[in-house]
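Chemist: Sequence and predicted model, in that order:
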2 protein chains.
Amino acid sequence: MNKRSGETYHHGNLHDTLIAAAIELIREKGPNAFSLRELAKKAGVSHTAPYRHFKDKNALLAAIAETGFKTLTERTRNAAMQFEGNPKQQLIETGIAYVELALDNPEITQLMFGGFIDTEKCPKENLDSEADNAFQGLVNLIESGKQSGVFRNEETELLALATWSMVHGLAMLITGGQLCGIADEQDQVRNLSEKVECLLMEGILVR
Amino acid sequence: MNKRSGETYHHGNLHDTLIAAAIELIREKGPNAFSLRELAKKAGVSHTAPYRHFKDKNALLAAIAETGFKTLTERTRNAAMQFEGNPKQQLIETGIAYVELALDNPEITQLMFGGFIDTEKCPKENLDSEADNAFQGLVNLIESGKQSGVFRNEETELLALATWSMVHGLAMLITGGQLCGIADEQDQVRNLSEKVECLLMEGILVR
DNA sequence: ACATCAATGTTGGCAGTGTATACATAGATG
DNA sequence: CATCTATGTATACACTGCCAACATTGATGT
């Protein structure tokens, strides 16, 4: 029996609908504080329907995190592409993109990196490989910068880790609310990201 | 009536016992996945006794995070004190202490920074002021380094933010499992922290 | 010494949660 | 058109956070 005329028994695209609705809920209430039942209601479906598409709540969270990693790689790659041949600027823009994405999606960022997902319960290979994609882009960027003589001839992995840590740390401090008032508006964040990355490039020691 | 002879109706120090037991549980199961009832049982007390000491679960988590921030300021300050008069080394050791603490207490670190605590529901002033203490130590360190001509004459807050971000990012990547295999042992982490911070000091650009 | 009180503990209950199981429906396939 | 399988529902259970009512006891003032 239909619940209303016009609605069908089968939803049609519940998988994606659930993810989209869950992202909305997470935005409103944080990654911690939303329930599958609430989500099901929001999607207009019985409270066990989600289990046909996700093994459990953890799996749903993992799927959302995965989309987060995908857009992260996408955005940072786009940022880098706009300054092909200029590794220094590429690095700066990549970092800005990273931090801006975090600012726009603080709860999702926390979901991705904050330990909300039990990685022992889910395969996690997808998650890891997506995260690796983002990191690999950075590695390539550094490598090409080294070869064109812009970056120092240190171990590439180390340079990549340093730049990643810097940008990631800034992003996490912002999403965690540690920089309230200092960096919660878009232009402040752009500005800070750039300055901080320039510091990393130039060094903070007097020469 | 006593539950056993020798045990008293009043626990005596339930507040601290709860915090200690909660930390243990969080270590085992993550900051997300422990229940107040489980905690109460572990402390040998009825399932509502914790409410005499903490307004709700969130308040308990906040109290735990607060202890985390306290030991963070303590450890980093100690690290800096051992190299008084040598700002460069102070900065390096402070960073190492920060990251090592995170490595030793990944779940607590996630609790502190990961967005598990609803800051709208609890006063949070305590939390913030503790976090500020840690940051202030860094600011002082940078300031003295600038005055002795070791660090560049950039805005102090900016230099502090850059170093904090770097170290914090590394710490969060480690606790989030993003650096599995690269940095999960104590000596690897010490080594990486140092190298990464040296990069920040020297810069990554060719001169 | 004793009554009183506030702090601290317990019992019981409620609505809400994740998830397992059994059943219902309908789109796809032969 | 019969059948299968993917997808959705109904029901049930143990567990959760938290509230309200009651119990115990160490501290306090007289």
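Modeler: That came through, no problem.
Chemist: and the longest helix along chain A, what's its mean pLDDT?
Modeler: Ranked by residue count, the top helix of chain A under DSSP state H comes out as helix A:57-81. In this model, helix A:57-81 has a mean pLDDT of 96.
Chemist: just checking, what packs against that helix?
Modeler: helix A:14-29, helix A:87-104, helix A:106-113, helix A:125-147 (3 or more CB pairs under 8 Å, 6 or more residues apart in numbering or on different chains; DSSP states H and E). In this view, the C-beta of every residue, glycine as well, is placed from N, C-alpha and C.
Chemist: ok, and does stretch A:58-65 reach over to DNA strand D?
Modeler: No. Judged by CB under 7 Å from any atom of the strand, stretch A:58-65 stays clear of DNA strand D, getting no closer than 13.0 Å.
Chemist: follow-up on the earlier one: quick one, which of the helices and strands packed on helix A:57-81 is nearest to DNA strand C?
Modeler: helix A:14-29 (10.1 Å; CB to the nearest atom of the strand).
Chemist: Toward the C-terminus from the closest one, list the very next helix or strand.
Modeler: Next along the chain after helix A:14-29, taking DSSP states H and E as the criterion, comes helix A:36-42.
Chemist: Please enumerate residues in contact with that following helix?
Modeler: The contact list for helix A:36-42 (CB atoms under 8 Å, 6 or more residues apart in numbering or on different chains) reads A:18, A:21-22, A:24-25, A:46-50, A:57, A:60.
Chemist: So what's the model's average confidence on it?
Modeler: 97.
Chemist: Name the residues of that helix that are buried.
Modeler: A:36, A:39-40, A:42 (16 or more other CB atoms under 10 Å in any protein chain shown).
Chemist: And stretch A:60-68, by the same measure?
Modeler: Result for stretch A:60-68 [16+ other CB under 10 Å]: buried residues A:60-68.
Chemist: Turn those residues into TSV, including distance to residue B:117.
Modeler: Supplementary listing: the buried residues of stretch A:60-68 in TSV, determined by distance: CB to CB, whole Å:
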residue	distance to residue B:117
A:60	23
A:61	18
A:62	23
A:63	25
A:64	21
A:65	20
A:66	25
A:67	25
A:68	21
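Chemist: Closest one of the residues you listed to residue A:201?
Modeler: Comparing those against residue A:201 with CB to CB places residue A:68 closest, at 27.5 Å.
Chemist: any idea how far residue B:133 is from that closest one?
Modeler: Distance, residue A:68 to residue B:133, by CB to CB, to the nearest Å: 32 Å.
Chemist: ok so, going back, give me the buried subset of the contacts of helix A:36-42.
Modeler: A:18, A:21-22, A:25, A:49-50, A:57, A:60.
Chemist: which of those residues sit farthest apart?
Modeler: Farthest-apart pair in the buried ones among the contacts of helix A:36-42 is A:25 and A:49; separation 15.7 Å (CB to CB).
Chemist: Lowest average confidence across helices and strands of chain A, where is it?
Modeler: Ranking every helix and strand in chain A by mean pLDDT, DSSP states H and E puts helix A:125-147 at the bottom, with a mean of 89.
Chemist: need the next SSE after that one, C-terminal direction.
Modeler: Taking DSSP H and E, what comes next after helix A:125-147 is helix A:156-175.
Chemist: how distant is the helix or strand following that next one from the center of its chain?
Modeler: The helix or strand immediately downstream of helix A:156-175 is helix A:186-202, counting by DSSP H and E. Relative to its chain's centre, helix A:186-202 lies at 19 Å (CA atoms, centre = their mean, to the nearest Å).
Chemist: does DNA strand C sit close to stretch A:25-40?
Modeler: Yes. Part of stretch A:25-40 sits near DNA strand C under the criterion CB under 7 Å from any atom of the strand, namely A:35-38.
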